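Chemist: quick one, what's the 3D model for this:
(4 chains)
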There are 2 protein chains.
Amino acid sequence: MSNKEISTEQAILKAAKNIFIRKGMEGARMQEIADEAGINKALLHYYFRSKDKLFEAIFTDAILKIVPNIMEMMKSDLPLFTKIELFTNNYIDAFTENPFVPGFIMHELSRDPSKIVNMVKNAGINPHPFIDQVKRETESGNIIPVDPYHLIVNMLSMCIFPFVATPILINVLFNKNADSYKEFILQRRKEVPHFIINAIKKK
Amino acid sequence: MSNKEISTEQAILKAAKNIFIRKGMEGARMQEIADEAGINKALLHYYFRSKDKLFEAIFTDAILKIVPNIMEMMKSDLPLFTKIELFTNNYIDAFTENPFVPGFIMHELSRDPSKIVNMVKNAGINPHPFIDQVKRETESGNIIPVDPYHLIVNMLSMCIFPFVATPILINVLFNKNADSYKEFILQRRKEVPHFIINAIKKK
DNA sequence: GTTTAGTTTAACCAAATGGTTAAACCAGAT
DNA sequence: ATCTGGTTTAACCATTTGGTTAAACTAAAC
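Modeler: All right, here's what the predicted structure looks like:
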């Protein structure tokens, strides 16, 4: 495997990522990807065999950017408020570094839900330790009572949605000021856990 | 315009809605829509001229299901906590009645952001009365200090995301139990404003 | 019955699409 | 120089796609 081969393959992956993110699986055209990679279209098939397989490579890479360490946090014995901070910070950090991922996954979620569902399940995500902990804290009277399922969904919502809705937020909320939006996203890291903890903290 | 014509047009719209929601604009095939409507494909062009125009009709209808009365709420003089309840309840009710809308809009948001941005702006959505109100309440010391932009985004996130992420939630959180998910969605109407108000209410 | 306007059909069209093929190219080894 | 294996190319392929066309159909009006 020569150095030149890695370069062509990487060029394809990079171009495919750009096009698939912008156009989705159905909207992306192999010729377009080849053009962006600066190669002959037949090479896409030489290296990746089919459009499906190329897409799979990009998509799997995207998913793997967010799933792995969430599990460790879910299983740990850390205090609830610390967990909430870790959970939200982990997600927001991962999305800040890879801002295309949430929109990409949500886009594919409507096109082919089973694939994403299987990948998330195969990653072994198990929310029950966290759910049990929220229940215990509620029963002990340590927090304002909250249904753990709603708490999880609220946390996910506030982490993911702002990245998915970027164009709307920039244009409607921030008057087309992308810098304001960036500043806003940086603040999310602190504001989201703060908001969530305030919602359940006894005073 | 005969009764028969309305029927063919409606059959097309109904079938197109189903297919566009499932497949998106790029993934939907005119022959497939025709098959589902039980008509000859040429009729799609006879009635709607092109795939774009047919899609436009479906999409505009979807957007109009959620935008209009949010404006009235934003401009009113109601107390902040009441507004939060109205805002979240309005959204959740609209999505409960039209569960395809959030996913459909999010899907199109990645494909063609400018269209959605323009539609939302043309609807005259102006968040500033609400933003000003949150600022006043914060300065008066009536609520826990919260940045109004983050508050708005949190509210939108918690209203919209659970509908977009339906397949993930049903399969990962609710063990494929669609009835549990439905129950969960019904609870959202009360849980979301409750959570939000708890987060900013002084105790 | 004929005429008319609207609706529908089957056949057709040109372009686009993902993919295939075989030859040319390249560089290292002999 | 030739051989070899890997890479790349241009041409080609069959199918699909959104759209067009002209004829057939339908029902109401006269």
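
Chemist: so the lengthiest helix in chain A versus helix B:3-27, what angle?
Modeler: For chain A, the helix that runs over the most residues, judged by DSSP state H, is helix A:3-27. On the basis of axes from the mean of the first three to the mean of the last three CA atoms, to 10 degrees, helix A:3-27 is oriented at 160 degrees to helix B:3-27.

Chemist: and helix A:3-27, what other elements does it pack with?
Modeler: For helix A:3-27, the elements it packs on are helix A:30-37, helix A:42-48, helix A:51-63, helix A:100-111, helix B:3-27, helix B:100-111, judged by 3 or more CB pairs under 8 Å, 6 or more residues apart in numbering or on different chains; DSSP states H and E. Backbone N, C-alpha and C define where each C-beta goes, glycine included.

Chemist: then the lowest-mean-pLDDT helix or strand in chain A to CSV, C-alphas only?
Modeler: Taking mean pLDDT, DSSP states H and E as the measure, the helix or strand of chain A with the lowest value is helix A:68-75, at a mean of 74. Only the C-alpha atoms of helix A:68-75 are listed here, as CSV (Å, rounded to 0.1, in the frame of the first residue of the first chain):
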residue,chain,number,x,y,z
PRO,A,68,-18.0,5.8,23.2
ASN,A,69,-17.3,7.7,26.4
ILE,A,70,-20.9,8.4,27.2
MET,A,71,-21.1,4.8,28.5
GLU,A,72,-18.4,5.3,31.1
MET,A,73,-20.2,8.3,32.5
MET,A,74,-23.5,6.5,32.6
LYS,A,75,-22.1,3.6,34.6
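
Chemist: buried stuff in that helix?
Modeler: Buried residues in helix A:68-75, counted by 16 or more other CB atoms under 10 Å in any protein chain shown: A:Ile70, A:Met73, A:Met74.

Chemist: save those residues as JSON lines, and put in distance to B:Lys83 too.
Modeler: Converted to JSON lines, the buried residues of helix A:68-75 look like this (distance: CB to CB, whole Å):
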{"residue": "A:Ile70", "distance to B:Lys83": "34"}
{"residue": "A:Met73", "distance to B:Lys83": "35"}
{"residue": "A:Met74", "distance to B:Lys83": "35"}
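
Chemist: related to what we said a few turns ago, quick one: residues in contact with the least confident helix or strand of chain A.
Modeler: With CB atoms under 8 Å, 6 or more residues apart in numbering or on different chains as the test, helix A:68-75 has contacts from A:Lys83, A:Leu86, A:Phe87, A:Asn90, A:Tyr91, A:Ala123, A:Gly124, A:Ile125, A:Asn126, A:Pro127, A:Pro129, A:Phe130.

Chemist: select only the buried ones of the residues you listed in PyMOL?
Modeler: Buried members of the contacts of helix A:68-75, defined by 16+ other CB under 10 Å, are picked up in PyMOL with:
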select buried, chain A and resi 83+86+87+90+91+123+130
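
Chemist: any regions of chain A where pLDDT drops low?
Modeler: Scanning chain A for pLDDT under 70 picks out A:1-6, A:68-69.

Chemist: quick one: which of the contacts of helix A:68-75 is nearest to B:Ala28?
Modeler: For those, the minimum distance to B:Ala28 (CB to CB) is 30.8 Å, reached by A:Ala123.

Chemist: hang on, the closest one packs against A:Ile66?
Modeler: No. Contact between A:Ala123 and A:Ile66 fails when scored by CB atoms under 8 Å: they sit 9.5 Å apart.

Chemist: how about the helices and strands packed on helix A:3-27 in a markdown table, adding mean neighbour count?
Modeler: Shown next, in a markdown table, are these (neighbours: other CB atoms under 10 Å in any protein chain shown):
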| stretch | mean neighbour count |
| --- | --- |
| helix A:30-37 | 17 |
| helix A:42-48 | 16 |
| helix A:51-63 | 17 |
| helix A:100-111 | 22 |
| helix B:3-27 | 17 |
| helix B:100-111 | 22 |
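
Chemist: so which of those is nearest A:Met119?
Modeler: Nearest of these (CB to CB): helix A:51-63, 5.3 Å.

Chemist: is the closest one positioned near DNA strand C?
Modeler: Yes. Contact of helix A:51-63 with DNA strand C (CB under 7 Å from any atom of the strand) involves A:Lys51, A:Asp52.

Chemist: not counting its own residues, what contacts that helix?
Modeler: By CB under 8 Å, 6+ apart, helix A:51-63 touches A:12-13, A:16-17, A:20, A:25, A:28, A:30, A:33, A:44, A:48, A:98, A:100-101, A:104-105, A:108, A:115-116, A:119-120, A:123.

Chemist: tell me the phi and psi of A:Ile143?
Modeler: The phi/psi pair for A:Ile143 (degrees, to the nearest 10) reads phi -130, psi 160.

Chemist: give me every residue in chain A lying close to DNA strand C.
Modeler: Residues of chain A lying close to DNA strand C (CB under 7 Å from any atom of the strand) are A:Ala28, A:Arg29, A:Met30, A:Gln31, A:Lys41, A:Ala42, A:His45, A:Arg49, A:Ser50, A:Lys51, A:Asp52.
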